[in-house]
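**Q** give me coordinates for this.
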Amino acid sequence: KQWYQRRVREIDVGEAEPRTVISGLRKFVPQDKLDGALVAVVCNLKPANMRGIKSQGMLLCASDKDHTTVEVLIVPEGSKPGERITSDMFTDPPDPQLNPKKKIFEKVQTDLTTNAGLEVTYKGELLRTSAGPLVAPSLVNAAIR
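**A** Predicted coordinates for the structure are as follows:
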């Protein structure tokens, strides 16, 4: 049953080949909301095998506190596949691959949220591409997962 709730996507992240990303969005996001959409993907996580399929990234979404509403983040129009999402506090290049034993992303994730304007922030700093900030469709003070 849990596997049925997973959705396998091929996502263009600006590399030679698209990445396979498995998400648990089937019960939250209709297929047509993802088709052709610009999405935010964490690409430097260690690939994970899920039922024999290697997931090579994590699709970022906003979620309410009880995880009953989940929304795919809106990447600003004009952003390019593979463009780095950044903020003023991120000045160093990202690690090529995060060490899963150090739980780096899990620690960062606790400070990823949306503000009153639905913009995605990390410790209060806007996350953006060169085209503007990432936003959630409707969730204020949402966790970003």
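**Q** quick check: buried residues in stretch 137-145?
**A** Residues of stretch 137-145 classed as buried: 139, 142-144 (neighbour count, 16 or more other C-beta atoms under 10 Å). The C-beta positions use only the backbone N, C-alpha and C, and glycine is treated the same way.
**Q** quick check: end-to-end length of it?
**A** The straight-line separation of the ends of stretch 137-145 (C-alpha to C-alpha, to the nearest Å) is 15 Å.
**Q** with stretch 135-145 instead?
**A** End-to-end distance for stretch 135-145, by C-alpha to C-alpha: 13 Å.
**Q** now that stretch: how far from the chain's centre is it?
**A** 11 Å (C-alpha atoms, centre = their mean, to the nearest Å).
**Q** what about the strands in the chain?
**A** For the chain, the strands defined by DSSP state E occupy 7-11, 19-23, 41-42, 48-50, 53-55, 58-59, 61-63, 70-72, 112-114, 120-122, 125-126, 128-129, 132-133, 143-144.
**Q** in CSV: these, plus mean pLDDT and distance to residue 105.
**A** Listed next are those as CSV, based on pLDDT from 0 to 100; distance: least, C-beta to C-beta, whole Å:
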stretch, mean pLDDT, distance to residue 105
strand 7-11, 87, 18
strand 19-23, 92, 15
strand 41-42, 96, 7
strand 48-50, 89, 12
strand 53-55, 93, 14
strand 58-59, 94, 8
strand 61-63, 97, 14
strand 70-72, 95, 18
strand 112-114, 98, 10
strand 120-122, 97, 12
strand 125-126, 97, 17
strand 128-129, 97, 19
strand 132-133, 98, 20
strand 143-144, 97, 11
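**Q** which one of those strands lies closest to residue 100?
**A** Ranking the strands of the chain by their distance to residue 100 (criterion: C-beta to C-beta) puts strand 48-50 first, at 8.8 Å.
**Q** how far does that closest one sit from the chain's center?
**A** Relative to its parent chain, strand 48-50 has a centroid offset of 17 Å by C-alpha atoms, centre = their mean.
**Q** likewise stretch 58-75?
**A** On C-alpha atoms, centre = their mean, the centre of stretch 58-75 falls 9 Å from that of its chain.
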